[in-house]
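Colleague: model this:
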Amino acid sequence: MKLPLFNSTTAAHCTCPPKYNLNTYLGRCNHQCVYCYATKFPSFTGPTQPRLNLPNQIENMAKNTKLKLPVMLSDCTDPYQPLETTHQITRKCTQTLAKHDFPLLIVTKSNLVTRDLDIFKQTPTVVSITITTPHENTAKTIEPSAPTPQERLSALQKVVENGIVAIARIDPILPTINDNEKDLENLVSTLADIGVKQVTVATMKHVRGFLAAIKSTDAKASERLANEYKNGTWAVGYKYLPWEKRKKTIEKLRHIVLKHRLAFASCREGLSQYNTTLCDGTAYCRNPSDSHLNENLTAWTAETNAKEHKT
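Modeller: Here you go, the predicted model:
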């Protein structure tokens, strides 16, 4: 039993370097985001399910995994579900991983992440918090049960104040919903003032059934989005914005982010040539003294960039 590797695919333009991935919860995330991509995976539908046996298994998983790559928590169900306040599965797992010197990449929308700052100080850690909009009313529409934008910004501030690397994800960007340039400018400016190191952005890649679900609550928004994605392409179960729209959106965000002197990356867009750092944020927690890992990472990055330029 070892830590599972993150399962990425270049068919979806994924440029994540090698790392491990641990989902401490299964089922549909409590945040109930309307754009949730995980609903296409059977393990991540239905009620949120705590993996109650995982804290008992993580010790052996860590011991049996020799290569100290970063461990991401997590790629699907948010590791800081409301249930985490009771079960503390994420806390117990990160404690064990830190004890075994694994770097951590925490990916969340929850301000509950600040509870575990004491653990994050024990091992190189990056905390990535997703903030899709500065407006509470928009957030309530697309992420109805998630913490408010201000709660997430406050969490980022606390992470930075504790000397832990913080990055922000503006992900996903939904055309006509949260892509107003002035709003994005204000959000990035706030993130820069807080002291985040990096902003990673991504346009929405919606799954089948998304537009129908939106139509039941907001027919006009569904119509606008259908028009935006009309000439888009499907890849591994996701529909992408048309290439030119995607490129224009990423270029706009890149300009804003670099203007505020933050590192920039896009995620799964086929535009890695615009990135100034690794998209997932692990550039800040990978061990720079481990030449073997650095060689692997350099080779991987060169190979990925070559593939991206060919497409």
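Colleague: could you pull out the strands for this protein?
Modeller: 20-21, 25-26, 49-50, 71-73, 104-108, 125-130, 165-173, 198-203, 233-235, 238-240, 263-266 (DSSP state E).
Colleague: Could you save those as CSV and add columns showing mean pLDDT?
Modeller: CSV is the format used below for the strands of the chain (pLDDT from 0 to 100):
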stretch, mean pLDDT
strand 20-21, 96
strand 25-26, 94
strand 49-50, 94
strand 71-73, 98
strand 104-108, 98
strand 125-130, 98
strand 165-173, 98
strand 198-203, 98
strand 233-235, 92
strand 238-240, 94
strand 263-266, 97
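Colleague: got CSV for those, with mean neighbour count and distance to residue 212 too?
Modeller: All C-beta atoms are positioned from the backbone trio N, CA, C, and that covers glycine. Listed next are the strands of the chain as CSV, based on neighbours: other C-beta atoms under 10 Å; distance: least, C-beta to C-beta, whole Å:
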stretch, mean neighbour count, distance to residue 212
strand 20-21, 22, 30
strand 25-26, 24, 25
strand 49-50, 17, 26
strand 71-73, 26, 31
strand 104-108, 26, 28
strand 125-130, 25, 24
strand 165-173, 24, 18
strand 198-203, 25, 20
strand 233-235, 12, 16
strand 238-240, 18, 13
strand 263-266, 24, 28
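Colleague: got these as TSV, with distance to residue 65 columns?
Modeller: Converted to TSV, the strands of the chain look like this (distance: least, C-beta to C-beta, whole Å):
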stretch	distance to residue 65
strand 20-21	7
strand 25-26	21
strand 49-50	23
strand 71-73	9
strand 104-108	14
strand 125-130	18
strand 165-173	23
strand 198-203	26
strand 233-235	31
strand 238-240	30
strand 263-266	26
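Colleague: which residue sits closest to residue 165, ignoring its sequence neighbours?
Modeller: Distance criterion C-beta to C-beta, 6 or more residues apart in numbering; nearest residue to residue 165, sequence neighbours excluded, is residue 284 at 4.3 Å.
Colleague: Can you give me the pLDDT of the one you found?
Modeller: Per-residue confidence at residue 284 stands at 96 (pLDDT).
Colleague: Pull the number of nearby residues for it.
Modeller: Using other C-beta atoms under 10 Å, residue 284 has 20 neighbouring residues.
Colleague: wait, doesn't it sit right on residue 124?
Modeller: Yes. Using C-beta atoms under 8 Å, residue 284 makes contact with residue 124 at a distance of 7.4 Å.
Colleague: Good, wrapping up.
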